[in-house]
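*Asks:* Give me the fold of what follows.
(2 chains)
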Amino acid sequence: MRETGFLGHSESFTKAELSSISAIWFTRFAEMIRFHFMKLRLLKSLLIVVLPLLGGCGKGDWQLGEAKKNVVMVEVTSQTWDYRLPWNPGTVSSARGAGFVIDRKRILTNAHVVSGARYLTVQREADPRKYQGKVLFVAHDCDLALLEVEDSEFFKGTSDLPIGGIPELESVVSVYGFPIGGDRLTVTRGVVSRIDYNSYTHSGRESHLAIQIDAAINPGNSGGPVMQNDKVVGVAFQGFRGDVAQNVGYMIPTPVIRRFLKDVEDGKYDHYVDIAIRWMALENPAMRGYYHRPNDGLGVVVTDIFSEGSSDGVLEKGDVLLSIDGHPIESDGSVRLDGQPVQLEEIVERKFTGDTVELEVWRNQKLEKKQITLRPAEMFSMYENLYEEPPRYVMYGGLVFQPLTANLMAGLVSGADLRLRQTYSLFGQDQLYKETPEPVILTTVLPDRSNVYIAGLTGQVVREINGKRIRTLADVLPALELGGERSVIRFEGDQRPAVLKKKEVDQVMPRIMTQYGISQPNRTELGSRRLAKGSYQQEGESR
Amino acid sequence: MRWAWVLCGCLCLACGVRAEDEDSRGSLVRVRASIQPYDQFRPWQKKSPFGLNGTGVVLPGGKVLATAALVANRTEVGLEKPGSAEKCAAEVEAIDYEANLALLQPVDRNFLKGFSGVLLGPALRAGDKTEVWQLERNGEMLRNQAEILSAGVGRYPSDEAGFLVYGVRVSLPKRDDSYTLPLMKDGQLAGMMMGYDRDSQEGTAIPVPMIEHFLKDAADGKYEGFPTLGVSWSPLRDPNLREEVLAPKSGGLLLTRVNPRGTAGRAGLREGDVLISVDGFKLDEDGNYRDPLYGPTAVGNLIRTRPTVGSPAKFRISRGGKEMEMTGTYDRKAREEVAIPTLQFDQAPKYLVVGGLVFQELTGAYLQEWGDKWSERAPQRLVEYFTFQQDKRPDPEKKVVFLSQVLPSPITLGYQQLSGLVLLQLNGQEIKSLAELAKIVDSCRSGDLVFEFRDEPGKLILNAGELPASSEKIGKDYGLRELRRL
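*Replies:* The predicted structure is shown next:
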């Protein structure tokens, strides 16, 4: 017999109103009589007649019924790595969020609900059983994740929630989830307040299209669907604290969701692509005149091209971008997509690695066509929060070297040294990655009698070790092997060098590792992080 | 005889004047300063004025010693006699913002005739007992018992290097005119109080050796200031580091940066040298020398308080394991010849308004306007230039001109949000100062003005022909009488 829930059948009839009680009742009932096909049909016809008499009539209830079947509570126990003690397993904590069923075999939720998950369970409304789930794909750059549940029993009685488009401004939406204040499926309702680019705080640096709604979105709502006219129009994912702004919640809109689902079809999640340029709105008349553009309200001027980015070698400073994939670019950088004005980056946002984008470019008073092959802006990976992967480090004689990343900066106890903060904040815009794809910091000195004089150097950026310039964490261990009986570590700025006797370090390592509970002296594998290639001379070093 | 004394004493009590006032009448004078600093963010105007009142020390000859903090950014300074409340305006004859000292001269040279003045006393050590004098409202004097807690090199309010400073314990009641107070020992000047914490009852004072140096320097009418060495250094306690730099058996400090324009740089010292002794005073591994009075004291005092600008300097160094003698002359060029000046008291900030674009020259004062956390709050590029200028900007003639803000006007459409942008070129010409920028702008009557900046958005364009009308409108709209101060 076809494995469909009741509503799978009812779609061929008019969508009947079901009061909440009768829906639950019916689901159980249908399961009980599943194998009695004939009886089912009879009972169904009875019920179709009966049910409109029960409960109220109105489309919203169908949506609610679907929500009840397909919106799940996700409870996660996760582990957060400690960047201050990178060899430690980190802290364990629990959280709750929501999710909903996709394809009747997977669950879509937010990445921040399941990041670092070690154990997670999913539960359907009014079913006491908790099923163990597993993270299939997680996209930290757009805060989405796909879960699977091994026991397919879980998906019995679920259906497909159709995914819709971008809702209209001021139209009503309903948010389904399991926020604080109780344990049952909760509904809040509001209107679409704004459709705009916004930062996705979980990622640390990404901004994508986000829709602001005024329905209450609270802890526990994350990952739950936002619906309108029986379709999913977004995934609730972040909001403002009540003391900062009221009634401001955000949902991930369907273009982002669709992109994510399409991306993982090949079994792997690839990063967002980026044209990796900076541009300025061409609003000033004198500036327009300088670039020989008429006052037609179109075009933005390219002000910077990031080395190793998608546009490197294709676009130039001073290029005026007039259209992207055929969409004219207004002088404030917006294009019209589905009738809505969005930033030109939205066109790129919907594409994948290897896709191309066509640009009409005004250069030296001539119109040219340029094609850019898109790829992620890997050189900025430093600014993305890492969740699953353990922190990388090298421990040598009690000195702990770690790469400069967003996670590290967040974990620094006291305010970071000014040079370190500047290196971090100017890394992207000054394209420091060309020289140093991954700055290495001496973060801690584990006190030992062999390193008493080095403690004052923590927080400094390593420039070279034993004469070898340090450009990524991978350079550290080989550099420590070079040279004579002493290892000399030099830092940026006018700090004195740190000097260690190699023989002493060898003797001291077992003592330090025991004392501080360190099981492995280093962890340097890159994992999923991608670094810039850099554009420096190799000086005869091997990489 | 004894009866006579008792009678005098009774008479004094009857008048409500204590016997000690015989001494104070010649020593102290109220200093009332009206302060009005410039607004660094709106450099065409000043901030609200406020008053600071301190107690100055009268020196023999009728001049008055006070702290620089009392009179920095002054519009008016006045003196007032303690008892009679007679007033007289004063001029600042010499001022040192680093050492926090100021020498005032009453406009009426005879104003303090009859005041005997205070002599400079001895240098003090930790444990010495002393007094802090305050003035009561009626002119009587209050002598508060004080103790020197410490005497060593410490940071002064507006200085980056260290000077000799006293830590003082004293219980000071709240009295008028206490912004600065004299530290006295047996009726002689021992120091000037410059800070006080009421909770801990501890304060800091400028010691008399500093005051002596200041007054001697000011005496010839040409004030030169305290010398600097122009180096960054690190202690050499680490035996591994000592081996690496081939340091001598004991003592010495490692020079990690040498400003080529500073005293050490001009004497031939280089980064990586181990400094063993200065003018015959040996330095230990912590950077201390043995002071005859203070014992182990930081090298800062050796260099700053003892010599004067122009006096000879002798250094013994070890370079690559070889010891050498180097000679030079003490000066403070490393402090003064900088592209981005640090201290800007009593100086009006320069600015140039071009059609709504406001350009200024970067100074420490501009950054400090962002408050205590300026290194986090101010535009990071400007913080980078200021903090690491020694690495990147060796030429003091090349100032850092930057766009501080944009006053919205019709010709700055689209530029309004920009601020904190370092200007590199105008119409292809490198800009080294605000005056140079003004010259180029003035010489351009028509065509484009292409401004090129260090950071996004890189280029800004204005039409030179539209400038005059726009400038007039901006002057009117924003109430700017002057669109430039160069």
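*Asks:* mind checking how far the residue nearest to A:Ala377 when sequence neighbours are not counted is from A:Phe380?
*Replies:* Counting by Cβ to Cβ, 6 or more residues apart in numbering or on different chains, A:Asp274 is the residue found nearest to A:Ala377 once chain neighbours are left out, at 3.9 Å. Backbone N, C-alpha and C define where each C-beta goes, glycine included. The gap separating A:Asp274 from A:Phe380 is 8 Å, by Cβ to Cβ, to the nearest Å.
*Asks:* Identify the residues contacting A:Leu477.
*Replies:* Neighbouring residues of A:Leu477 by Cβ atoms under 8 Å, 6 or more residues apart in numbering or on different chains: A:Val394, A:Asn522, A:Thr524.
*Asks:* Give me the buried entries from those residues.
*Replies:* Among those, those scoring as buried are A:Val394, A:Asn522 (criterion: 16 or more other Cβ atoms under 10 Å in any protein chain shown).
*Asks:* and which of the contacts of A:Leu477 is nearest chain B?
*Replies:* For the contacts of A:Leu477, the residue nearest chain B by Cβ to the nearest Cβ is A:Val394; the value is 19.2 Å.
*Asks:* Can you tell me what sits against the one helix or strand that closest one maps to?
*Replies:* A:Val394 belongs to strand A:393-396 when elements are defined using DSSP states H and E. For strand A:393-396, the external contacting residues (Cβ under 8 Å, 6+ apart) are A:86-87, A:400-402, A:443, A:446, A:473, A:476-477, A:480, A:487, A:500, A:505, A:509, A:512-513, A:518, A:521-524.
*Asks:* List the ones among those that fall in helices.
*Replies:* The helices, defined by DSSP state H, take in A:Val476, A:Leu477, A:Leu480, A:Val505, A:Met509, A:Ile512, A:Met513 from the contacts of strand A:393-396.
*Asks:* of those, closest to chain B?
*Replies:* Ranked by distance to chain B (Cβ to the nearest Cβ), the ones in helices among the contacts of strand A:393-396 are led by A:Val505 at 10.5 Å.
*Asks:* pretty sure the closest one contacts A:Gly397?
*Replies:* Yes - A:Val505 is in contact with A:Gly397 according to Cβ atoms under 8 Å; the separation is 3.8 Å.
*Asks:* In terms of neighbours, single out the busier of these two.
*Replies:* Taking neighbours as other Cβ atoms under 10 Å in any protein chain shown, A:Val505 and A:Gly397 compare with A:Gly397 leading, 25 against 20.
*Asks:* My read is that the more buried one contacts A:Lys503, right?
*Replies:* No - at 10.8 Å, A:Gly397 does not count as touching A:Lys503 under the criterion of Cβ under 8 Å.
*Asks:* How about the secondary structure of A:Val92?
*Replies:* Assigned with DSSP: H, G, I helix; E, B strand; the rest coil, A:Val92 falls in the strand class.
*Asks:* residues contacting it?
*Replies:* A:Thr77, A:Ser78, A:Gln79, A:Thr80, A:Arg118.
*Asks:* same deal with B:Gly420?
*Replies:* Listed by Cβ under 8 Å, 6+ apart, the contact set of B:Gly420 reads B:Ala378, B:Pro379, B:Arg381, B:Leu382, B:Phe402, B:Leu403, B:Ser404.
*Asks:* got JSON lines for these, with secondary structure and pLDDT too?
*Replies:* As requested, these are arranged in JSON lines below (DSSP: H, G, I helix; E, B strand; the rest coil; pLDDT from 0 to 100):
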{"residue": "B:Ala378", "secondary structure": "coil", "pLDDT": "94"}
{"residue": "B:Pro379", "secondary structure": "coil", "pLDDT": "94"}
{"residue": "B:Arg381", "secondary structure": "helix", "pLDDT": "93"}
{"residue": "B:Leu382", "secondary structure": "helix", "pLDDT": "94"}
{"residue": "B:Phe402", "secondary structure": "strand", "pLDDT": "97"}
{"residue": "B:Leu403", "secondary structure": "strand", "pLDDT": "97"}
{"residue": "B:Ser404", "secondary structure": "strand", "pLDDT": "97"}
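*Asks:* list the residues that contact both of A:Val505 and A:Gly397?
*Replies:* Here A:Val505 and A:Gly397 have A:Ser450 as joint contacts, going by Cβ under 8 Å, 6+ apart.
*Asks:* Please enumerate the helices of chain B.
*Replies:* Assigned helices in chain B, in chain order: B:2-15, B:21-24, B:68-71, B:208-219, B:239-244, B:263-266, B:299-304, B:333-336, B:364-368, B:374-377, B:380-387, B:389-392, B:434-443, B:467-478 (criterion: DSSP H).
*Asks:* Nearest to B:Gly230 among the contacts of A:Val92?
*Replies:* When these are ranked by distance to B:Gly230 (Cβ to Cβ), A:Thr80 comes first, at 47.3 Å.
*Asks:* Next up, phi/psi of that closest one, please.
*Replies:* Listed backbone geometry of A:Thr80 is phi -110, psi 120, with angles given as degrees, to the nearest 10.
*Asks:* taking the mean pLDDT, what do you get for whichever strand in chain B runs longest?
*Replies:* As assigned by DSSP state E, the longest strand anywhere in chain B is strand B:141-155. Throughout strand B:141-155, pLDDT has a mean value of 93.
*Asks:* partner strands of that strand, parallel or antiparallel?
*Replies:* The strands that strand B:141-155 pairs with in its sheet are strand B:129-135 (antiparallel), strand B:162-170 (antiparallel) (by DSSP bridges).
*Asks:* chain center to the longest one, what's the gap?
*Replies:* Strand B:162-170 sits 17 Å away from the centroid of its parent chain (Cα atoms, centre = their mean, to the nearest Å).
*Asks:* So the residue of the stretch 51-200 of chain A found nearest chain B versus A:His327, what's the distance?
*Replies:* Closest approach between the stretch 51-200 of chain A and chain B, counting by Cβ to the nearest Cβ: A:Tyr197, at 16.7 Å. With distances taken as Cβ to Cβ, A:Tyr197 is found 16 Å from A:His327.
*Asks:* how about the strands in the stretch 51-200 of chain A?
*Replies:* A:71-80, A:91-102, A:106-109, A:117-124, A:131-139, A:144-149, A:172-177, A:186-199 (DSSP state E, counting those that start in this stretch).
*Asks:* So which of those strands is the most surrounded?
*Replies:* Across the strands of the stretch 51-200 of chain A, the average number of neighbours (mean count of other Cβ atoms under 10 Å in any protein chain shown) peaks for strand A:106-109, which reaches a mean of 26.
*Asks:* Let me see the mean pLDDT of it.
*Replies:* 95.
*Asks:* likewise stretch B:263-279?
*Replies:* Mean predicted lDDT for stretch B:263-279 stands at 95.
*Asks:* do stretch A:190-208 as well
*Replies:* When pLDDT is averaged along stretch A:190-208, the result is 87.
*Asks:* Let me know whether the residue nearest to A:Ala377 touches A:Ser310 as I believe.
*Replies:* Yes - applying Cβ under 8 Å, one finds A:Asp274 in contact with A:Ser310, separated by 6.5 Å.
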